[in-house]
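1. below are the sequence and a predicted model for it; my questions follow.
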Amino acid sequence: MGWNKSHRDDDPKIIEGTHGFSKDHRPDLKQVFLSLVVNGPSSIPLWMDPLDGNSSDKVSFHETIKNVENFRSQIDLDKPSRWIADSALYTKERLLKNNDYLWVTRVPETTTEAKRMMEKPSEDIPWIEAGNGYRIARFNSSYGEIMQRWLLVFSEQAYYREQRTLEKKITRQAEKLKQALWQLGNQIFHCKKDAIKAFEAVKNGQSYLVHLIHR
């Protein structure tokens, strides 16, 4: 498959359909990606980059932004752009080392500083009521040696929704664990080592209840 993104015959952009992470849960099918830049207020497409099927957002986002910045005059972007993208944009190796443009993104929860913030007791967070079940808290961060403004958002609706989902998962796992332990208790083992091995097998997959097994 070929694509001439710059409309020049001597500069083709060749992309390949390849196997990669499939959001449609079809890893058996080959895929290609299209990186799309749109104008915020009107959502009018401004730029497209065709990409191989195994492309990584953490890499392609920055390459697309670089391409657009190089062709600003051709697409009539006379003002500084503010790039908005999902958390794949927030990479310490790229975004925070090449911070020459304005950006808004979600900080990945795997980031060390974000983890510490999420683990804070709610009473230690300077919440501001935002209405409709939302609360926000503002923080300054220098993660990656770049000054940033972080906004922590709490949604009461989302909290109770996640709580109900978690309770259902725990209930399902508890039933499965109860059956597995009953079957384990009715088995006869030739030695302690075999019994421990079988017990360890029961623990696998019990992410919500494994702490109860050790008690």
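-> That came in fine, so what should we check first? Numbers count the residues shown, from 1 in each chain.
2. least trustworthy helix or strand in this protein by mean pLDDT?
-> Every helix and strand in the chain was compared by mean pLDDT, DSSP states H and E; the lowest is strand 2-3, with a mean of 38.
3. and the helices in the protein?
-> 57-70, 112-118, 156-185, 192-203, 210-213 (DSSP state H).
4. what is the burial count for residue 193?
-> Counted with other Cβ atoms under 10 Å, residues neighbouring residue 193 total 9. Just so you know, the C-beta spots here come from the backbone N, C-alpha and C atoms, and that holds for glycine as well.
5. worst mean pLDDT among the helices of the chain?
-> Looking over these, mean pLDDT reaches its minimum on helix 210-213, with a mean of 51.
6. contact partners for the closest residue to residue 198 other than its chain neighbours?
-> With Cβ to Cβ, 6 or more residues apart in numbering as the criterion, residue 198 has its nearest non-adjacent residue at 6.0 Å, and that residue is residue 184. Counting by Cβ atoms under 8 Å, 6 or more residues apart in numbering, residue 184 touches 198-199, 202.
7. buried ones among those residues?
-> Buried members of these, scored by 16 or more other Cβ atoms under 10 Å, are residue 202.
8. closest to residue 163 out of the contacts of residue 184?
-> Using Cβ to Cβ, residue 202 comes nearest to residue 163 of the contacts of residue 184, at 26.8 Å.
9. so that closest one touches residue 179, yeah?
-> No: checked against Cβ atoms under 8 Å, the pair residue 202 and residue 179 is beyond contact range at 10.1 Å.
10. count of neighbours near the nearest residue to residue 152 once chain neighbours are set aside?
-> Once flanking residues are discounted, residue 152 sits nearest to residue 137: 4.4 Å by Cβ to Cβ, 6+ apart. Close neighbours of residue 137, defined as other Cβ under 10 Å, add up to 16.
11. now swap in residue 117 and tell me
-> Here the count is done by other Cβ under 10 Å, and residue 117 has 17 residues near it.
12. now residue 37
-> Neighbours of residue 37 under the rule other Cβ under 10 Å: 19.
13. ditto for residue 30
-> By other Cβ under 10 Å, neighbour count at residue 30 equals 15.
14. how about the contacts made by it?
-> Counted by Cβ under 8 Å, 6+ apart, residue 30 has contacts 17-19, 53.
15. gap between it and residue 21?
-> Residue 30 sits 12 Å away from residue 21, going by Cβ to Cβ, to the nearest Å.
16. likewise residue 94?
-> 19 Å.
17. ok, residue 110 next?
-> According to Cβ to Cβ, residue 110 stands 17 Å off from residue 21.
18. likewise for residue 185?
-> Residue 185 sits 41 Å away from residue 21, going by Cβ to Cβ.
19. same check on residue 179?
-> Between residue 179 and residue 21 the computed distance is 34 Å (Cβ to Cβ).
20. just residue 64 next, same as before
-> Counting by Cβ to Cβ, the separation of residue 64 from residue 21 is 18 Å.
21. which of the two has more residues huddled nearby?
-> The neighbour comparison of residue 64 against residue 21 (other Cβ under 10 Å) goes to residue 64, with 20 against 10.
22. pretty sure the more buried one contacts residue 47?
-> Yes: under the criterion of Cβ under 8 Å, residue 64 makes contact with residue 47 at 6.9 Å.
23. list residues touching both of these two?
-> residue 37.
24. for residue 133, give me the backbone phi and psi.
-> When read as degrees, to the nearest 10, the backbone of residue 133 gives phi 80, psi 10.
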